[in-house]
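Undergrad: Here is a sequence together with a model predicted from it:
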Amino acid sequence: MRVHFIAIGGSIMHNLAIALAKKGYMVSGSDDHIYEPSRTNLAKEGLLPALGWYPETITADIDAVVLGMHAKADNPELLKAKEMEVRIYSYPEFIYEQTKEKIRVVIGGSHGKTTITSIIMHVLKSIGRDFDYLVGAKLDEFEYMVRLTKDAPLAIIEGDEYLASPVDQRPKFHLYKPNIALISGVAWDHVNAFPTFDNYVEQFRLFIKSIEPKGTLVYNKEDKKLQEIVLEDQSKINKHGYRTPEYTINKGITYMHTHIGNIPLQVFGKHNLSNIAAAFTVCEWLGVSREEFYTEIKQFKGASRRLEYVASDNDSVVYQDFAHTPTKLRASIHAVKEQFPGKALVAIVELHTYSSLNEAYLNEYKGTMQDAEYPAVFINKEALKQRNADTISEDTLKKAFDQPNLVYFSDIEGIKNYLEKMDPVGKNLLFMSSGNYGGINLVNFADKFLLK
């Protein structure tokens, strides 16, 4: 089978292309920009294309075109494929086609998806289970973010609610038709795609209805809105709720309470304990014993950029987290404060998504950084330009966050100077963003804070 990828350079797109090539498919692709690590990964597998769009490459021997979100609806290769009546898929549609004979486990929810997915993958791999997967971050234990095989009986899929492609405006997680689905919680985001909270909530109702007959829904019983959605649903499926387990923190280590004793963990934070409970419940449905899960969870070090250790010196530590939504900010800050009681926290969040740069949405951040003694917001001027967003003033941010001591940075130099002047004694530092702070090396910035 020959498959062509339009906008092959995307995070999942290039990993999917590599997975298909490893499966024996003939793979080609195109893109007008390809950044790292996509460029190196594609080159390593002999799949790096020349930059640009080339409609002449769409020929009659192509069996399928996979369309990435980076492409536009008037992309010349897409138009040629439509003209030639080549079958066009969004990547979630294609993942479903590749896994429709397998047991599909789809992890959804507004937060924790990557961590829950990676915990399940870690446990299954550790106990020798064979499975395909799609996960939204690079994990240390796995070479790539997508694996597709002929024989693996399971597919573990991280399913987000972003739109599937420029010509398919359905959320991705509606297209996988799970046998087992998980929802970690419902917290409004993606204002550009879902302009109202009710519209956003409706996507999760539809996700539940997409579960295969006699399938299973695993859900967070501590989320009131999610509980309401589940109770009103009349689908003929199994429904299994979970709650955050009891835990204690002793000498900087979090212990999860279980029926076989207290289990030491390498991750921390109430939200991570909730993620572990979610993964535990899914693993039980997949036949993993409690003892197997508890043994393997001790070794789980967390997903990349999910409350990830960056650096430390003397008595101060620096973490980074893939967080920008109100719910994630609150959870990340609380986790670090709880883990390191008595330490002041310098918390710097980058706002760069369409939602977070929307003034009408900013009020959702009220009180989210109140536990941080030194709260700061970074908004890259380039991000505002790219999204045609209006400039946001420091006063507007202070009012939205309800944080009079909040500091605002519009360039990297401002953060650099702020950290260089700050005394780290008695303080920890937390970077939060779903972007990359304009491409800076956070280790170097951590040193600005730590090394005086």
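TA: The structure has been received and is ready for your questions. Please read these numbers as outputs of a predicted model, since none were measured by experiment.
Undergrad: Where do the domain boundaries of this structure fall?
TA: Using automatic domain parsing, the domain parsing of the chain gives 2-85, 94-297, 308-450.
Undergrad: The longest one: end-to-end distance?
TA: The reference is to domain 94-297. Start-to-end span of domain 94-297 (C-alpha to C-alpha, to the nearest Å) is 32 Å.
Undergrad: Centre of the chain to it, how far?
TA: Averaging C-alpha positions (C-alpha atoms, centre = their mean, to the nearest Å) puts domain 94-297 11 Å from its chain's average.
Undergrad: just how off-centre is stretch 27-45 within its chain?
TA: Computed by C-alpha atoms, centre = their mean, the chain-centroid distance of stretch 27-45 equals 21 Å.
Undergrad: Can you pull out the low-pLDDT segments for the stretch 301-450 of the chain?
TA: 354, 383, 386-389, 437-439 (pLDDT under 70).
Undergrad: Kindly recompute the last result at 50.
TA: Within the stretch 301-450 of the chain, no stretch has pLDDT under 50.
Undergrad: before we move on, the earlier item: the domains of the chain into TSV, with extra columns for mean neighbour count?
TA: Using the backbone N, CA and C atoms, a C-beta is placed for each residue, glycine as well. Shown next, in TSV, are the domains of the chain (neighbours: other C-beta atoms under 10 Å):
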stretch	mean neighbour count
domain 2-85	18
domain 94-297	19
domain 308-450	18
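Undergrad: Surely Gln227 is in contact with Asp233?
TA: No - counting by C-beta atoms under 8 Å, Gln227 sits too far from Asp233 to count as a contact (10.9 Å).
Undergrad: Need the overlap of contacts for those two.
TA: Residues touching both Gln227 and Asp233 by C-beta atoms under 8 Å, 6 or more residues apart in numbering: none at all.
Undergrad: average pLDDT across stretch 53-71?
TA: If you average the pLDDT over stretch 53-71, you get 95.
Undergrad: List of residues touching it?
TA: With C-beta under 8 Å, 6+ apart as the test, stretch 53-71 has contacts from 1-10, 13, 16-17, 28, 30-33, 75-81, 84, 86-91, 94, 162-163, 165-168.
Undergrad: and the residues you listed, which of them are in helices?
TA: Among these, the ones falling in helices (DSSP state H) are 13, 16-17, 76-81, 91, 94.
Undergrad: Of those, which is the nearest to Ala187?
TA: Nearest to Ala187, judged by C-beta to C-beta, of those is Tyr91 at 24.7 Å.
Undergrad: And for the closest one, the neighbour number?
TA: 25 (other C-beta atoms under 10 Å).
Undergrad: so how far is Leu16 from it?
TA: Separation of Tyr91 from Leu16 (C-beta to C-beta, to the nearest Å): 6 Å.
Undergrad: show me where the stretch 351-452 of the chain has strands.
TA: Under the criterion DSSP state E, counting those that start in this stretch, the stretch 351-452 of the chain contains strands at 374-378, 407-409, 427-432.
Undergrad: Next: the stretch 1-150 of the chain.
TA: With DSSP E, counting those that start in this stretch, the ranges of strands along the stretch 1-150 of the chain come out as 2-6, 26-30, 64-67, 87-90, 103-108, 131-134, 146-147.
Undergrad: Parallel or antiparallel, which strands does the last one pair with?
TA: Put plainly, it is strand 146-147. strand 131-134 (antiparallel) (DSSP bridges).
Undergrad: Kind regards, and thank you for your time.
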